[in-house]
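Visitor: attaching a predicted model along with its sequence, questions to come.
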Amino acid sequence: MTKQEFKVEIGPESLTRFERAKIIGSRALQLSLGAPTFVKALKDIHDPILLATFELDKTVMPLTIRRTYPDGTYQNIPLSSLV
């Protein structure tokens, strides 16, 4: 699905700063523990946080964000439609 085909019903149309920080932090932890990257290795980037930020900006991570209401209803939103 592209960004035009997906309707975000809960929350803003883009990533919140809290969602962005959580994604970068958890991906940086995975990279520091030896997980393979989703982009071709860049020789000048060795910091896991910078590499995770680069992956997020390129929208190559196959992630889904779950946004919930207080009553328990939720919507799963592909990361590619939020970035």
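Guide: Sure thing, it's come through. Fair warning: this is a prediction, and the values are worked out from it, not measured in the lab.

Visitor: and the closest residue to Tyr69 other than its chain neighbours, what does it touch?
Guide: Distances taken as Cβ to Cβ, 6 or more residues apart in numbering place Ile10 nearest to Tyr69, at 6.5 Å, with adjacent residues excluded. (C-beta placed from N, C-alpha, C; glycine too.) The contact partners of Ile10, taken as Cβ atoms under 8 Å, 6 or more residues apart in numbering, are 67-69, 74-75, 77.

Visitor: okay if I get the residues you listed as a markdown table plus pLDDT, neighbour count and distance to Arg27?
Guide: Formatted as a markdown table, the contacts of Ile10 follow (pLDDT from 0 to 100; neighbours: other Cβ atoms under 10 Å; distance: Cβ to Cβ, whole Å):
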| residue | pLDDT | neighbour count | distance to Arg27 |
| --- | --- | --- | --- |
| Arg67 | 93 | 17 | 19 |
| Thr68 | 93 | 11 | 22 |
| Tyr69 | 91 | 11 | 26 |
| Tyr74 | 94 | 11 | 22 |
| Gln75 | 93 | 16 | 22 |
| Ile77 | 92 | 22 | 17 |
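
Visitor: who's in contact with stretch 12-26?
Guide: With contacts defined as Cβ under 8 Å, 6+ apart, stretch 12-26 is touched by 49, 52-53, 56, 61, 63, 65, 79, 82-83.

Visitor: ChimeraX command to pick out the buried ones of those?
Guide: Here is the ChimeraX command that picks out the buried ones among those, judged by 16 or more other Cβ atoms under 10 Å:
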select :52,53,56,63,65,79,82
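
Visitor: nearest to Leu29, of the contacts of stretch 12-26?
Guide: Nearest to Leu29 out of the contacts of stretch 12-26 is Ala52 (Cβ to Cβ; 8.7 Å).

Visitor: for this protein, which segments count as helices?
Guide: Shown for the chain, the helices assigned by DSSP state H span residues 17-32, 48-58.

Visitor: going by contacts, tell me the helices and strands next to the last one.
Guide: In this structure, helix 48-58 makes packing contacts with helix 17-32, judged by 3 or more Cβ pairs under 8 Å, 6 or more residues apart in numbering; DSSP states H and E.
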